[in-house]
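1. coordinates only, sequence not included:
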């Protein structure tokens, strides 16, 4: 009788522990994003810093490099080029600014709008995490992951 109680207890514990272990492995924390108001300011910073153009130019240079290296025909190069969509990368930029408050973002925006020399020392280009994300994004475009069929 004691063995039966031990086995029942062990079975009950396994039924409770195994789901919690497997559940903890599948739950992920959401990516940090700025508030809606801060997104508006970030969009203005992106515009003032000409970062959207930088992202597109970076992707185009990766495409041209891959096209020359792999000998793509014009149709494939055009198809890959047309798959560039800045909106697919915008969340990575938003994530970078998620921990800034509204005052800090406004200060940064004013610096970009006022001083063209500040635009050339683009804080977004200097951010290693964002640069790495941009490189991954551009490589995914080159691989054709954003081509809609």
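-> Okay, I see it. As the structure is a prediction and not an experimental result, all values here were calculated from the model. Numbering: from 1, shown residues only.

2. list the residues that contact residue 95.
-> 31-33 (C-beta atoms under 8 Å, 6 or more residues apart in numbering). Every C-beta, even on glycine, is put in place using the N, C-alpha and C of the backbone.

3. reformat those as JSON lines; add distance to residue 110 and pLDDT.
-> Shown next, in JSON lines, are the contacts of residue 95 (distance: C-beta to C-beta, whole Å; pLDDT from 0 to 100):
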{"residue": "31", "distance to residue 110": "27", "pLDDT": "75"}
{"residue": "32", "distance to residue 110": "24", "pLDDT": "83"}
{"residue": "33", "distance to residue 110": "23", "pLDDT": "86"}
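
4. of these, closest to residue 59?
-> Of all the contacts of residue 95, residue 31 has the smallest distance to residue 59: 21.4 Å, by C-beta to C-beta.

5. identify the residue spatially nearest to that closest one, adjacent ones excluded.
-> Closest residue in space to residue 31, ignoring its immediate chain neighbours: residue 95 at 5.6 Å, by C-beta to C-beta, 6 or more residues apart in numbering.

6. ok, which stretches of the chain are helices?
-> Ranges of helices within the chain are 2-26, 36-49, 51-70, 74-82, 90-96, 102-114, 116-120, 123-126, 128-142, based on DSSP state H.

7. helices and strands around the fourth one, which ones?
-> Secondary structure elements in contact with helix 74-82, counted by 3 or more C-beta pairs under 8 Å, 6 or more residues apart in numbering; DSSP states H and E, are helix 51-70.

8. tell me the angle the helix it packs on makes with helix 128-142.
-> 50 degrees (axes from the mean of the first three to the mean of the last three C-alpha atoms, to 10 degrees).
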